[in-house]
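In: The following comprises the amino acid sequence and a computationally predicted model.
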Amino acid sequence: MPAMQIGSLADVPEGGVRRFDVGGVPLAVFNVGGALYALADTCSHANASLSAGEVDVDELCVVCPLHGSPFDLRSGKPRTLPAFMPVATYKVWAEGDALFVEYTA
């Protein structure tokens, strides 16, 4: 997959999340403990924006703001119902202050 610059590291502060549109697809990028994670931004259960959900930094998950399913930031898998399908994950990293994601449309 090709790498694409999507913004700067400053766009995603420690403990935060930001939505980026990459090739017309919404991605949620998380910064937890200095580690970066990228998920498809749309909940697999109810089309809610995961970037609008609460990030649990201790459990490394984001909770869907609509129905409360927590999604693992590392794997995209939901941890509880009602969601049962995972969301896509993407490799994301910083080079200096530039933020990159590995993505193919």
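Out: That came through fine. Residues are numbered from 1 along each chain as shown.
In: Three-state assignment for the nearest residue to residue 92 once chain neighbours are set aside, please.
Out: Ranked by Cβ to Cβ, 6 or more residues apart in numbering and with sequence neighbours excluded, the top spatial neighbour of residue 92 is residue 38, at 3.9 Å. From N, CA and C alone the C-beta is placed, and that goes for glycine too. Following DSSP: H, G, I helix; E, B strand; the rest coil, the label given to residue 38 is strand.
In: Likewise for residue 47?
Out: coil.
In: just to revisit the earlier point, the residue nearest to residue 92 contacts residue 94, correct?
Out: No: when contacts are counted by Cβ atoms under 8 Å, residue 38 is not listed as touching residue 94 (11.8 Å).
In: Of the two, which one has the most company?
Out: The residue with more neighbours, out of residue 38 and residue 94, is residue 38; 26 against 16, by other Cβ atoms under 10 Å.
In: Mind exporting the C-alpha coordinates of the biggest strand by length in the chain to CSV?
Out: In the chain, taking DSSP state E as the definition, the longest strand is strand 25-32. Extracted in CSV, the C-alpha atoms of strand 25-32 (Å, rounded to 0.1, in the frame of the first residue of the first chain):
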residue,chain,number,x,y,z
VAL,A,25,-13.0,7.7,3.1
PRO,A,26,-13.2,8.9,6.7
LEU,A,27,-10.4,7.7,9.0
ALA,A,28,-10.1,8.2,12.7
VAL,A,29,-6.5,8.7,14.0
PHE,A,30,-5.8,8.3,17.7
ASN,A,31,-2.7,9.3,19.7
VAL,A,32,-2.5,7.2,22.9
